[in-house]
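Enquirer: Got a predicted structure here, sequence first:
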2 protein chains.
Amino acid sequence: MASRLRKAGLRPTRQRLALSSLLFGQGDRHVTAEALHCEAQAAGIELSLATVYNTLHQFTGAGMLRQVTVGGDKAYFDTNTGDHHHFYVDAEQRLIDIPGEKVEVLGLPTPPAGSEVERVDVIVRIKSR
Amino acid sequence: MASRLRKAGLRPTRQRLALSSLLFGQGDRHVTAEALHCEAQAAGIELSLATVYNTLHQFTGAGMLRQVTVGGDKAYFDTNTGDHHHFYVDAEQRLIDIPGEKVEVLGLPTPPAGSEVERVDVIVRIKSR
DNA sequence: CAATACCTTAGAATGATTCTAAACTGAGAA
DNA sequence: TTCTCAGTTTAGAATCATTCTAAGGTATTG
Ligand SMILES: [Mn+2]
Ligand SMILES: [Mn+2]
Ligand SMILES: [Zn+2]
Ligand SMILES: [Zn+2]
């Protein structure tokens, strides 16, 4: 756990270890800064919201998280950094993973000259019927 | 021009007519509220930023615009309401349309029971090489 | 233990967006 | 035309996610 942080050039502090455990201790997750902060508080871990933001960004920079943009007001951080896509449940502001292997995006035009594709995000917005 | 607004249940006020003309007078556009407000000012049209927000949302509700979410801090409004996708140039925070007919997204799983697909958004994030 | 670079954090600041409440105006009625 | 009122605009305050600042705390190494 601590070694993972060290490898990313981050000291294994109490706060980072606690957040790591919350983030990576279970299966894949999609969290907001505020939600993760609440969860930490509930678990008896004292840390500031600023530290949660700092940590989420540092983890993202280190490739341990990836940020997912769906609109709404808050930013989501995804513990699944592999190639995959998302359902977005508008009513609940919740993300559901779609495995990347099964999905194929065909017919995309060549990106403008001098630029290259960094990532292709597919967001399937769903609503209750 | 005014009839289009009336059909949407909106009075053709000076402000709405001016914004309509800026938005729909040229080809397809992707604008932020702030950018559209500046453009209006530059054209000698006096209106508040609040009115620009109100109008963008009303037009969106009427199906004349659609909102595109790419992250970043600002919301983009798209005059192209047809089926299409986007390149997003991170460095310039600029959107480029990708015609929808050519693109096909294959292999998407069935949405969760009781829900249905509202829209599928493909965002191709590009960076300069 | 000392030195130091790295971390955390309270609280202020930022910035996009929304809200409030008061003034204004388009359009139908009289 | 003038009246009336629901619909509209807007200045300014409020909201709220996120970032910043600066001051104190801590992991690491020798
Ligand atoms: Mn467009
Ligand atoms: Mn914001
Ligand atoms: Zn995911
Ligand atoms: Zn578009």
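Expert: Nice, I can see it. Note that the structure is a prediction, hence the values are computed from the model and not measured. Ligands and ions are numbered 1, 2, ... in the order given.
Enquirer: make it CA atoms for all contacts and neighbour counts henceforth
Expert: Fine.
Enquirer: and the nearest residue to A:Asp121 once chain neighbours are set aside, bridged to which residues?
Expert: Beyond its immediate neighbours in the sequence, the residue positioned closest to A:Asp121 (C-alpha to C-alpha, 6 or more residues apart in numbering or on different chains) is B:Ile123, lying 5.1 Å away. Bridge pairing for B:Ile123 (DSSP bridges) gives the partners A:Asp121, B:His86.
Enquirer: Would you mind giving the domain segments of chain A?
Expert: Chain A resolves into domains spanning A:2-77, A:82-126 when parsed by automatic domain parsing.
Enquirer: Show the end-to-end separation of the first one, please.
Expert: Think domain A:2-77. Domain A:2-77 stretches 21 Å from its first residue to its last (C-alpha to C-alpha, to the nearest Å).
Enquirer: Just give me the longest helix of chain A.
Expert: What stands out as the longest helix in chain A, according to DSSP state H, is helix A:49-61.
Enquirer: Which strands or helices does it pack on?
Expert: helix A:14-24, helix A:33-42 (3 or more C-alpha pairs under 8 Å, 6 or more residues apart in numbering or on different chains; DSSP states H and E).
Enquirer: and A:Ala18, how many neighbours?
Expert: In terms of burial, A:Ala18 registers 17 neighbours under the definition other C-alpha atoms under 10 Å in any protein chain shown.
Enquirer: Over to A:Glu116?
Expert: Here the count is done by other C-alpha under 10 Å, and A:Glu116 has 16 residues near it.
Enquirer: right, and it touches B:Val89 too?
Expert: No - at 9.8 Å, A:Glu116 does not count as touching B:Val89 under the criterion of C-alpha atoms under 8 Å.
Enquirer: shared neighbours, those two?
Expert: B:Ile126, B:Lys127 (C-alpha atoms under 8 Å, 6 or more residues apart in numbering or on different chains).
Enquirer: Now do the contacts for the residue with the largest distance to the centre of chain A.
Expert: Counting by C-alpha atoms, centre = their mean, the extreme residue of chain A relative to its mean C-alpha position is A:Ala113, 30.3 Å from that point. Taking C-alpha under 8 Å, 6+ apart as the definition of contact, A:Ala113 has no neighbours.
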